[in-house]
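In: Quick one: sequence and predicted model below, then my questions.
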Amino acid sequence: MSKNISAFPKLSSPRVIIVELKNKDKNVFLLSESINSKLKEMGLQTDKRFHPHITIGRVKRDRKINLTSIKDKNNFELEFSIKNFYLMKSKLNSSGSEYSVLKQYEL
């Protein structure tokens, strides 16, 4: 069983709290590699490893919390498959983020 609750950059000083996902067919990694390859052709390159996840919360910069003890308290596994990819636009407003779909790709 995997321990799936985690955080970016790390549990001892989280900014983003996530649930890690398992993708047995590996299609999400192939999609990530394809996107990164196209971005590299355009002169853009990522320096971060891809981690499939669901964001469940964010921690404000002025808050100091440590979630390392949560790692031992969760035992579950989430699997998923990918059928579509959506290119999204995010616009930050005073009321929060506003998301819209720019394009949908069938996989």
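Out: Sure thing, it's come through.
In: Okay, Tyr99 and Asp72: tell me how far apart.
Out: The gap separating Tyr99 from Asp72 is 34 Å, by C-beta to C-beta, to the nearest Å. The way it works is simple: take the backbone N, C-alpha and C, and place the C-beta from them, glycine included.
In: for Lys91, what are its contacts?
Out: Each residue near Lys91 by C-beta atoms under 8 Å, 6 or more residues apart in numbering is listed here: Ser97, Glu98, Tyr99, Ser100.
In: And it, which helix or strand is it part of?
Out: strand 84-93 (DSSP states H and E).
In: and that strand, average pLDDT?
Out: Across strand 84-93, the average pLDDT comes to 89.
In: Tabulate the CA atom coordinates of that strand in CSV.
Out: The C-alpha trace of strand 84-93 is given here as CSV (Å, rounded to 0.1, in the frame of the first residue of the first chain):
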residue,chain,number,x,y,z
ASN,A,84,-8.5,13.3,-22.5
PHE,A,85,-6.1,16.1,-22.1
TYR,A,86,-7.4,19.7,-21.5
LEU,A,87,-5.2,22.7,-22.2
MET,A,88,-6.4,25.2,-19.5
LYS,A,89,-6.1,28.9,-18.9
SER,A,90,-5.9,30.2,-15.3
LYS,A,91,-6.6,33.8,-14.5
LEU,A,92,-6.1,35.0,-10.9
ASN,A,93,-8.8,37.4,-9.7
